[in-house]
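Participant: Sharing a model that was predicted from the sequence below.
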Amino acid sequence: MCPPNGTVVVHRKHVLASVRVNRFVTKRSPYRRRLRRVSFTRSNCLPGGQFCARRTTIRDDEFSYRRNEARIIEESALDGIYVVRTSVSAKRLGPEDTVRAYKDLSKVERAFRSIKTVDLKVRPIFHWLDDRIRAHVFLCMLAYYVEWHMRRKLAPILFDDHERAEAEASRDSIVSRAPRSQAARAKDETRWTKDGIPVHSFRTLLADLGTLAKNRVRVAGISDSEIDLLTQPTPLQARAFDLLGITL
C-alpha cells in the first residue's frame, strides 16, 4: 500500500530477467541406502499453497517428480521486477531520483562500516558516563565528516571515480549497474594517474602522508637557535596537499 502523498516506483531490470536462475531444479543424487517401504506424494509449495514448483513421489521402488510448468512460467513473468516505495511525493522526488536515493543507501552502509570497523573504529568505547559516550560518538562522526570531504578532494589520486558526471551520462537506465568513467577505468588498469603518480586507497594514502616529518634543528654553538624544518614532500604528498588546498 502506498503511503499518503507518497510514491511507488516499479522497475524491471532486464539483466536479472534474462539471466534467470531456476531455483526449482532438483538434482537427483544416488541413493546410498535402501528406501523404507513408504508411499506418499509431497508438493513443494510456499506457505498457503500459493506457488507449487514440483510434485515429488517416493515409493519403495520408485522415485519421480514433475515440475509445475504453468506455475513456473507464471512466476517467471515477475523476474527482474522490484518496487521502491517512499513517503515523499512525486513532485519532490521523481521516479529516477527515488531509485537513485534508494541506491545511495549503500553509501550510508559504507559510512557505518568505516566508522565501526575499517577506519575510525568507534568501538570499543572505554567510557561509562553518558556525556562522555555521546562526545566519543560525536567525535567519530565529525572525523567521518572530515574523511568524506577529504575523499572528494583526493579522488583524482584515489581509486574513487572522480568523474562521476561523465559516468552517469553514459548510463542507460538508473536501474542498471552504476558505470565507472573512462578515467576511473584507466586508473584501475594502470594503477597510475595521468600525472605519473601511483593510485592509492584512502588508507594507504594516509599512511604515506604520515611519513612527512617535522624536525627541530639546533645550530651548534648558538643558543636559542632552534628552528622547525619539514622534510621534503614527495611528488605524491605534494599533489595530495595541493588537492586539499594545504600550503606547507
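Facilitator: That came through, no problem.
Participant: Could you pull out the helices in the chain for me?
Facilitator: Secondary structure of the chain (DSSP state H): helices at 14-18, 69-76, 95-103, 105-113, 130-154, 164-169, 182-190, 202-209, 235-244.
Participant: can you give me the angle the last one makes with helix 130-154?
Facilitator: What it means is helix 235-244. Between the axes of helix 235-244 and helix 130-154, defined by axes from the mean of the first three to the mean of the last three CA atoms, to 10 degrees, the angle is 110 degrees.
Participant: got the angle for helix 235-244 vs helix 202-209?
Facilitator: 110 degrees.
Participant: The fourth one now?
Facilitator: Using the same axes, to 10 degrees, one finds that helix 105-113 and helix 202-209 are set 50 degrees apart in direction.
Participant: go on, the second one?
Facilitator: Here helix 69-76 runs at 40 degrees with respect to helix 202-209, directions being taken by the same axes, to 10 degrees.
Participant: Let me see the mean pLDDT of helix 69-76.
Facilitator: For helix 69-76, mean pLDDT rounds to 78.
Participant: swap in the shortest one?
Facilitator: When the per-residue pLDDT values of helix 14-18 are averaged, the result is 57.
Participant: For the residue nearest to the spatial centre of the chain, give its distance to residue 178.
Facilitator: Centrality entry for the chain: nearest residue to the mean C-alpha point is residue 106, 4.8 Å, by CA atoms, centre = their mean. Residue 106 is 9 Å from residue 178, where distance means CB to CB, to the nearest Å. Any C-beta I mention is one placed from the backbone N, CA and C, and that applies to glycine too.
Participant: picking up where we left off before, hey, least reliable of the helices of the chain by pLDDT?
Facilitator: For the helices of the chain, mean pLDDT drops lowest on helix 14-18, to a mean of 57.
Participant: got a list of contacts for stretch 155-162?
Facilitator: With CB atoms under 8 Å, 6 or more residues apart in numbering as the test, stretch 155-162 has contacts from 151, 167, 180-181, 183-184, 187-188, 193, 197, 199-202, 205, 236, 239-240, 243.
Participant: and the helices of the chain as a markdown table, adding distance to residue 229?
Facilitator: A markdown table is the format used below for the helices of the chain (distance: least, CB to CB, whole Å):
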| stretch | distance to residue 229 |
| --- | --- |
| helix 14-18 | 58 |
| helix 69-76 | 71 |
| helix 95-103 | 49 |
| helix 105-113 | 38 |
| helix 130-154 | 26 |
| helix 164-169 | 40 |
| helix 182-190 | 34 |
| helix 202-209 | 18 |
| helix 235-244 | 15 |
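Participant: how about the ones you listed, which one is nearest residue 120?
Facilitator: Between residue 120 and these, the tightest spacing by CB to CB is seen for helix 130-154, at 5.1 Å.
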